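Asks: here is my input, please return the structure:
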Amino acid sequence: MPDLPWFVYAMLLAPLGLLLVAAVVKTWQAREARSWPQAPVKVVRSVAEVREVRVPDSDRKEGYRLESRNFANVTYEYSVGGRKLSCNRISIGEDLGNFEVAEKLAKYPAGSIVTVYYNPRHPDQAVLERDLPKGLWGCLGIGTAIVLGIVFGSAFGLSQAYAYLAHHIGRPDLAGLVVGFGAFGLLIALMGYAVLRQASKAARWPVVPGTIRLSGIEHYLEASEPGERRGTEIFGKRVTYTYRYQNVSYTNECARVAAGTQSGSDEMLQKLMSRYQHGATVEVRVNPDNPAEATLDTSGPVRIAWVLWGIAAIFAALALFVATRGG
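Replies: Residues are numbered from 1 along each chain as shown. Predicted structure coming up:
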């Protein structure tokens with residue numbers, strides 16, 4: 001095992017640990033739901049809707065920002081002990097939005113009779129699907145093995161690279177710097193490849209018409225720096241677009257502008273709106289496998305990929321320079 005500080009491994013493995021804890025909790029909830037009573041119910045509403053979801057954002061005082069996401073609102077009514085209840089939760093798993101919206105609406109159309117499972121201790125808690133996705137733990141097991149292999153394999157590889165360079169460059173004391181520059185360069189290059197690959201896929205997505213929408217003023221405080229009593233006051237706006245794909249309506253965000261003053265925000269917005277006018281019709285490329293995912297511009301990610309490759313080349317040049325320095 002490479003001799004790295006424990007907190008390095010903790011930082012790398014923390015996301016995996018949180019994912020496994022969440023899977024354990026959901027598995028326990030699914031097992032508990034197996035004993036819940038069931039009853040036939042009628043779906044009274046089945047439509048796509050946009051909800052504001054909190055997304056972590058360390059740059060803001062509140063620690064989060066609001067993001068518009070698409071959900072399937074399947075509302076059903078049922079009675080327990082003479083009490084009429086209403087719920088719109090579909091499954092035990094958490095619905096984070098922008099996933100299988102059309103599939104859920106097609107599976108549970110308005111007016112259909114379905115089976116509901118409700119918590120006898122808290123009848124207002126109910127679901128239409130009480131089982132977790134098949135193969136969940138198998139996928140998590142494979143994913144865990146891959147993550148562990150990448151983390152420890154990379155650490156071992158970097159350690160071996162350091163040992164090799166320490167004996168083959170003119171300045172052995174700079175071997176760690178060479179490894180660091182090289183690793184960062186490789187990581188950024190791989191990110192650029194992933195961005196370009198996604199852009200290539202998006203360029204082949206079907207095109208549908210969409211409409212640009214402009215949000216109202218967004219007002220918030222930035223997270224304060226150490227020693228500051230109050231963060232900077234920020235004014236911003238969001239530019240979104242709506243579109244329909246296979247008779248389902250969706251909304252996505254294409255830009256967000258913000259500045260320290262309202263006039264500054266308006267000035268930045270004017271520059272942006274020269275490209276996207278409020279109410280204008282635009283061409284939207286929609287992912288047919290997940291229609292909640294869409295884009296207006298496939299050339300932007302290509303430029304980003306080239307920028308990332310340029311940064312990777314700089315790191316590679318730095319690694320080469322340090323490796324040959326004093327050789």
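Asks: quick check: Gly199 is in a helix.
Replies: One correction, residue 199 is Ala, not Gly. Yes. Ala199: assigned to a helix according to DSSP: H, G, I helix; E, B strand; the rest coil.
Asks: ok, it to Glu52 distance?
Replies: 28 Å (C-beta to C-beta, to the nearest Å). All C-beta atoms are positioned from the backbone trio N, CA, C, and that covers glycine.
Asks: look at these two and report which has more neighbours.
Replies: More neighbours surround Ala199 than the other of Ala199 and Glu52, with 19 against 10 (other C-beta atoms under 10 Å).
Asks: surely that one touches Arg303?
Replies: No. Counting by C-beta atoms under 8 Å, Ala199 sits too far from Arg303 to count as a contact (9.4 Å).
Asks: need the nearest residue in space to Pro40, chain neighbours excluded.
Replies: The shortest distance from Pro40 to any non-neighbouring residue, by C-beta to C-beta, 6 or more residues apart in numbering, is to Ile113 (5.5 Å).
Asks: can you check Asp297 too?
Replies: Going by C-beta to C-beta, 6+ apart, Asp297 has Cys254 as its nearest residue, at 7.9 Å.
Asks: give the contact list for that neighbour.
Replies: Ile212, Val239, Thr240, Tyr241, Tyr276, Leu296, Asp297 (C-beta atoms under 8 Å, 6 or more residues apart in numbering).
Asks: and the first one, that one's in a helix?
Replies: No. In this structure, Ile212 is strand, not part of a helix, as judged by three-state DSSP.
Asks: beta partners for it?
Replies: Taking DSSP bridges, one obtains Tyr241 as the residues bridged to Ile212.
Asks: quick one: pLDDT of it?
Replies: Turning to Ile212, the model gives it a pLDDT of 91.
Asks: and it, what does it touch?
Replies: Counting by C-beta under 8 Å, 6+ apart, Ile212 makes contact with Val239, Thr240, Tyr241, Cys254, Tyr276, Gln277, His278, Gly279, Ala280, Val282.
Asks: cutoff 6 Å now
Replies: Listed by C-beta atoms under 6 Å, 6 or more residues apart in numbering, the contact set of Ile212 reads Tyr241, Tyr276, His278, Ala280.
Asks: which helix or strand contains the second one?
Replies: Assigned by DSSP states H and E, Tyr276 belongs to no helix or strand.
Asks: nearest residue to it in space, please, no chain neighbours.
Replies: Ile212 (4.9 Å).
Asks: how far away is the one you found from Ile234?
Replies: For Ile212, the distance to Ile234 - C-beta to C-beta - is 23 Å.
Asks: again with Gly300
Replies: Separation of Gly300 from Ile234 (C-beta to C-beta) stands at 24 Å.
Asks: quick revisit: helix, strand, or coil at the residue nearest to Asp297?
Replies: strand.
Asks: I'd like to know how far it sits from Thr324.
Replies: Here the distance between Cys254 and Thr324 works out to 45 Å (C-beta to C-beta).
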